[in-house]
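[1] next comes the sequence, and after it the predicted model I'd like to discuss.
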Amino acid sequence: MADGRRELPPHLSLPPASKRPCFRPAPRGPGPGPGHGSGFANSRYRSPESLLDCAAKAVAEKWAFERVEERFERIPEPVQRRIVYWSFPRNEKEICMYSSFQCRVAGEEGPSAATGAGAAGSGSSTSAGGGGGGGGGASAAGTTSSAVAGVVGTGDGLPFRRGIRLLETGCVENVLQVGFHLSGTVTEPAAASEPEVTHKVAISFDRCKITSVTCGCGNRDIFYCAHVVALSLYRIRKPEQVKLRLPISETLFQMNRDQLQKLVQYLITAHHTEVLPTAQKLADEILSSNSEINQVHGAPDPTAGASIDDDNCWHLDEDQVREQVKQFLSQGGYYGSGKQLNSMFAKVREMLRMRDSNGARMLTLITEQFMADPRLSLWRQQGTGMTDKCRQLWDELGALWVCVVLNPHCKSDEKSSWLRQLKKWGDMDVCPLEDGNYGSELPNITNALPQSNLAQDSLARPRRTVFSRAMEACELHWQDSHLQRIISSDLYMSPAYQRDQGDSLLFNPQGLPLWLDHVPTACARVDALRSHGYSREALRLAVAIINTLRLQQQRQMDIYKHQKKELLHRGLTSTSTLEGWVGHPLDPIGCLFATLTETCRMDDDSGMDTGGTEHHFICGGESYLALALEVALMGMGQQRMMPEGLYAQDKVCRNEEQIVAKLQELELDDLLVQTLRKQALQLLEAGPFSGLGEVIHRESVPMHTYAKYLFTALLPHDADLSYKLALRAMRLPVLESSGGSGDVGHPHHGISMVPSRYPRWFTLGHLESQQCELASTMLTAAKGDMLRLRTVLEAVQKNIHSSSLIFKLAQDAFKIATPGDHPPDITLLNVALELGLQVMRMTLSTLNWRRREMVRWLVTCATEVGLRALISILQSWYTLFTPTEATSIVAATVMSHNTILRLSLDYPQREELASCARTLALQCAMKDPQNCALSALTLCEKDHIAFETAYQIVIDAASTGMTYSQLFTIARYMEHRGYPLRSFKLASLAMTHLNLAYNQDTHPAINDVLWACALSHSLGKNELAAIIPLVVKSVHCATVLSDILRRCTMTAPGLAGIPGRRNSGKLMSTDKAPLRQLLDATISAYINTTHSRLTHISPRHYGEFIEFLSKARETFLLAQDGHIQFAQFIDNLKQIYKGKKKLMMLVRERFG
């Protein structure tokens, strides 16, 4: 048939199915009669397959049908039928993969890699996945519905689930397979608001892959619609009910001229509106001897399968992939869009695991849209970094490309093509850098930079993008014979006679294989094997890497033993791992942990993952689960430098929390506890190679989060070890000054800002909060154990430098120590009090918006501890509180009725507490009389001597530092307490500090002035005579003075009724002292104020000014010759301000 294969004329528009030209040179006998379409063995009976079926299966999966036709001149019809029959996909999981985002079957692995691993290094060998395509080809036809019972996330709305429902409810009909083309109708049942609809579905397939789908529903999505799913599953589950025909070209060949003409005419008649124009055009072309169509040997057949040169891959709507990725990216940082993009990345991994070439194809499409994101250029122009969510998506994109290019069966031309594409993306200006906005300190994937060369290499380091590691991975290969043996067998070991040689680089002393490589690179190989479905091979390589890490850890401990004395003498080390494994772009620790734990997952009877784990053992007797725990502990405990940049530092914290979360899912049995204890001891003894060693670098990543997990996990099994680990991890040396930590006895002396360094620790606040969490966990666990509590307290005082965090720690300890339904734990209460006292000392001389809350809490805590604690803070108040805090909050709360009741104090105890409070009050009043005098007087009310002392302090301070408002407040207090003469004295002192200008008629002190004058008036004529000169001197506001004058003339003085004094009962005259002085001052103030107001008066204030003059006249008339004075005053105004004609006219109208 291939003899006539030619390119078709470009102007012919043919169906989008397989269109290779088909031509038969010789007849093959009669065609199949009616009823031959289902002549296959019933798939429900598990009889042995015939040799014909076995051969047809292999050919149908591997060879294009055109190659079969080329290879054999004559193919018997039964053989053709079996090849066509077996060419349809046989695994429902593949249909599910292309019809939903989530299609992970419990325990699912890719095709066996046993054969592939052996040839992994060839680089050009073909495999089931080499050309792409589903790896489930070996499964039998007619896979039952139980095969997908374990699908995760199978919501009813997913196309796959809807397709199953359509199939099971009998909605699939008229199914016909013609060659490599399957068609049928699927009826969508009527819904509440929609009628029943029937859709025509057509599927083209080749070599067990669906290559094209068409559905009348018009679905526009990345995945197949439910109707395509229903038809596909019908063919898989009920193959015996499908009418099967050979490709249409075979049927046509068996017809004579009359039959062919009849077929064409009936076809045109049945579809004349659609087919007739095309049929006439083709007829004209065929009848023209010079037409291009006559130059082609044979004719296209959409049912004859793909040609040899066609890519053999599953149908993927590239336009829809582009469109959806573009749409998700345009939605910015919304949670839903990020979730969808992560689901697409998961789909890529799923395709890679099934060795489907669409995995790399889909990843390429996704990457193109990521690179076309307009936000990239915007971020670059503005010099701002992308959001964390977006940054994580780019990281996953880069990691996926590493997996793709590290495919063990990747052909060299494929790898070269990917490398060119990656370089093209990486050279674009908008391509994100690997570490965000800062230069990278991380070495490349193939070799680690020596620490000594870091300084000089940092300037010349090339630009590293998110694709740099994938480009470097293109240089890696799988041809190393030692690597091949590691991944090919569980039994690969060194010969026994070589095990005594301690310098072997390939095996450890026990003979187990090692893989000496840059650790993240080695783990990238593991991830690539696992991602491409080689789970067993990934597991073997992971074990070899762990054995290598173990050996390195042991050698590091040996090195440290020889250097221990020197390092401990210095107390600091410059040795630290340049590249951290936690937070690394390739996530080496997470990769090893996932690889080892996957094989230990527990499934239920239906194959669903239960979420639990169980031990699986390797040949050497070790548990994969124990190895996973060990490598996670080893990686987390690695001493490593804090990377540069906000994103890199945040990623370290986030990755650490992710690993801890996975560790917490493990149920610790005896074997895992033994592993935990062993690794914990090694981390404590590993010196500078461990973040929990005795000496660490000043800028190494803190171990607080990790130590909290270790402490919690080890506490029930080895309390001493857990506390030793956690206490050592409390360090945060980056906050320590170069001269060492501050005095533990006075922790506030050790407070220092983060030393100036570039780059900064952007996550320092998070790290300090984790340090606080670790301390809180220890305090909670040590409840009731005074010795351990004291040890933890000392560690807190030494290492935590944030007052707000220490306060939080104190609050936590207080809550734990005072449960509502149990008596308080006095040991933990004392610790909370100690921490609170430290906070008070730390914040005493600094600004802190929570200071009042802290002070109130400390008093509450001391109250819970008892009387002695309260007396102690009262006696040492000057080291803890400001005078204002001590009097207004501390002493006031201590002396409150609620405190007395809470402590159930007897009389001597109350007196002792009150005496301390009074002493505090007098000391504070002496130190800060302005703010503490009133509180001191209040606290000393019940003790005459103390009260007199406080009053004298106020009098002494009145002439110097106190303001009129403070003195007025105390004066009012004195009057309220029944001391009117003392109140008068204080009010007089306050008046000497006051100055009220002519225009300050709304001054807040006016009420105090009126009150002081009223007090003087009530005391008698002498007191009024004494205060009026002060009022005249201090108050220049005419309205205020007139108000005072009016009040003094309304009643007789001396109404206070002071013993020993007589009240005359007569009203005072304004013509006599002392009111004459006040009247003159008032008139003078009115005159001055009038001239001042007229200087800048505007017409809109004329009415107000006239009213002001009316009030002035009332005051003038209080004098004997007041009417004359006022008339002269008005005349002067008319003469001086005659230019203000309108105003003067108003004055004449009102006053003549």
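    Here it is on my side, so go on. Keep in mind that this is a model prediction, so the values were computed, not measured.

[2] pLDDT-wise, which helix or strand of this protein ranks last?
    When each helix and strand of the chain is scored by mean pLDDT, DSSP states H and E, helix 114-118 comes last, with a mean of 36.

[3] packing partners of the next helix or strand after that one?
    Toward the C-terminus, helix 114-118 is succeeded by helix 159-168 as the next helix or strand (DSSP states H and E). Packing partners of helix 159-168 (3 or more Cβ pairs under 8 Å, 6 or more residues apart in numbering; DSSP states H and E): strand 181-188, helix 226-237. For glycine as for every other residue, the C-beta is placed from the backbone atoms N, C-alpha and C.

[4] can you give me the angle helix 159-168 makes with helix 226-237?
    60 degrees (axes from the mean of the first three to the mean of the last three Cα atoms, to 10 degrees).

[5] next, the angle from helix 159-168 to strand 181-188.
    Using the same axes, to 10 degrees: helix 159-168 against strand 181-188 is 80 degrees.

[6] tilt between the one helix or strand V79 maps to and strand 181-188?
    Assessed by DSSP H and E, V79 sits inside helix 77-86. Interaxial angle, helix 77-86 versus strand 181-188 (the same axes, to 10 degrees): 40 degrees.

[7] using CSV, list the CA coordinates for the following helix or strand past helix 77-86.
    Per DSSP H and E, the first helix or strand lying C-terminal to helix 77-86 is helix 92-97. Extracted C-alpha coordinates of helix 92-97, given in CSV (Å, rounded to 0.1, in the frame of the first residue of the first chain):
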residue,chain,number,x,y,z
GLU,A,92,-8.5,2.6,31.5
LYS,A,93,-5.9,4.5,33.5
GLU,A,94,-4.7,6.1,30.3
ILE,A,95,-8.2,7.3,29.4
CYS,A,96,-8.5,8.6,32.9
MET,A,97,-5.2,10.4,32.6
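
[8] quick one: average pLDDT of helix 92-97?
    The average pLDDT within helix 92-97 is 86.

[9] helix, strand, or coil at V213?
    Per DSSP: H, G, I helix; E, B strand; the rest coil, the secondary structure class of V213 is strand.

[10] from F1129, how far out is it?
    As judged by Cβ to Cβ, to the nearest Å, V213 and F1129 stand 106 Å apart.

[11] quick one: which of those two has more around it?
    Shown here are V213 and F1129; by other Cβ atoms under 10 Å, V213 has more neighbours (23 against 18).

[12] quick one: residues contacting the more buried one.
    V201, A202, I203, S204, Y224, V228, H315 (Cβ atoms under 8 Å, 6 or more residues apart in numbering).

[13] partner residues bridging it?
    I203 (DSSP bridges).

[14] let's have the chain start at 58 instead
    I'll keep to 58 as the first residue from here, and by that count the last item is V270.

[15] let me know the pLDDT of it.
    88.

[16] swap in A1082?
    Taking A1082 on its own, its pLDDT is 89.

[17] the nearest residue to it once chain neighbours are set aside: neighbour count?
    What sits nearest to A1082 in space, not counting adjacent residues and going by Cβ to Cβ, 6 or more residues apart in numbering, is P1131, at 3.9 Å. Residue crowding around P1131 was assessed by other Cβ under 10 Å; the count is 20.

[18] P1131 touches N1079, doesn't it?
    No - between P1131 and N1079 there is no contact under Cβ atoms under 8 Å: 9.3 Å.

[19] need the contact partners of whichever helix or strand S1045 is part of.
    For S1045, the host element (DSSP H and E) is helix 1037-1049. The list of residues contacting helix 1037-1049 from outside it, by Cβ under 8 Å, 6+ apart, reads 1008, 1011-1012, 1015-1016, 1021-1022, 1024-1025, 1027-1029, 1031-1032, 1065-1066, 1068-1069, 1072-1073, 1075-1076, 1080, 1083-1084, 1087-1088, 1091, 1113, 1115.

[20] tell me the buried residues in that helix?
    P1037, R1039, S1040, F1041, K1042, L1043, A1044, S1045, L1046, A1047, M1048 (16 or more other Cβ atoms under 10 Å).

[21] also stretch 562-575?
    Those would be F564, N565, L569, P570, L571, W572, D574, H575, for stretch 562-575 by 16+ other Cβ under 10 Å.
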